[in-house]
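Peer 1: here are the coordinates; sequence isn't available:
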């Protein structure tokens, strides 16, 4: 742990840099999340992704990302039609999109655990509002990388 010390007007200030627990405390970072199908109840009529109650592919992110724009990056294979073997340089490509983190009302399945800054482990998470991102259905069960561009 690194400690910076500074002396101002006779007062010692010690600022400790927090350890980066897999990106949970950093403000400029990337971290991974698995896309799950979660039962979401619409609470905001302006939510362009969730208009009716039901299952949606989403990922819950830390609370401090709420209302931030995150970039989601994931691997997606490219299909080459009638290409010669020497013309195929890459077999996979990275795709991505940007989306604003919005709080949505989720009813978690039994045994689901959502980690936050204050609750690192628990048996299951209660239903309620969680900061989430919505994904294309083809990504359910896959791990995506989320990047905070700030």
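Peer 2: Here it is on my side, so go on. Everything numeric in this text was worked out from a predicted model, so none of it was measured.

Peer 1: any low-confidence regions in this structure?
Peer 2: Applying pLDDT under 70 to the chain flags the ranges 1-28, 78-80, 82-83, 85-92, 110-124, 150.

Peer 1: same thing but at 90, please
Peer 2: 1-37, 43-46, 62-66, 73-97, 107-128, 140-143, 145, 147-150 (pLDDT under 90).

Peer 1: just give me the neighbour total for residue 102.
Peer 2: Residues near residue 102, counting by other CB atoms under 10 Å, number 21. Placement of C-beta: from N, CA and C, glycine included.

Peer 1: before we move on, what about residue 129?
Peer 2: Counted with other CB under 10 Å, residue 129 comes out at 13.

Peer 1: go on, residue 145?
Peer 2: Residues near residue 145, counting by other CB under 10 Å: 15.

Peer 1: now do the helix or strand where it lies: which elements does it pack against?
Peer 2: Residue 145 is located in strand 143-147, with elements delineated by DSSP states H and E. Packing contacts for strand 143-147, counted by 3 or more CB pairs under 8 Å, 6 or more residues apart in numbering; DSSP states H and E, involve strand 30-34, strand 69-77.

Peer 1: go again with 10 Å.
Peer 2: Helices and strands touching strand 143-147, as assessed by 3 or more CB pairs under 10 Å, 6 or more residues apart in numbering; DSSP states H and E, comprise strand 30-34, strand 54-60, strand 69-77, strand 92-100.

Peer 1: deepest of those, which one?
Peer 2: Mean neighbour count (mean count of other CB atoms under 10 Å) peaks for strand 54-60 among those, with a mean of 19.

Peer 1: where do the strands of this structure begin and end?
Peer 2: 3-8, 11-16, 30-34, 36-41, 54-60, 69-77, 92-100, 102-107, 128-134, 143-147 (DSSP state E).

Peer 1: save these as a markdown table, and put in distance to residue 47 too.
Peer 2: Output for the strands of the chain, formatted as a markdown table (distance: least, CB to CB, whole Å):
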| stretch | distance to residue 47 |
| --- | --- |
| strand 3-8 | 42 |
| strand 11-16 | 39 |
| strand 30-34 | 19 |
| strand 36-41 | 9 |
| strand 54-60 | 10 |
| strand 69-77 | 16 |
| strand 92-100 | 10 |
| strand 102-107 | 6 |
| strand 128-134 | 9 |
| strand 143-147 | 19 |
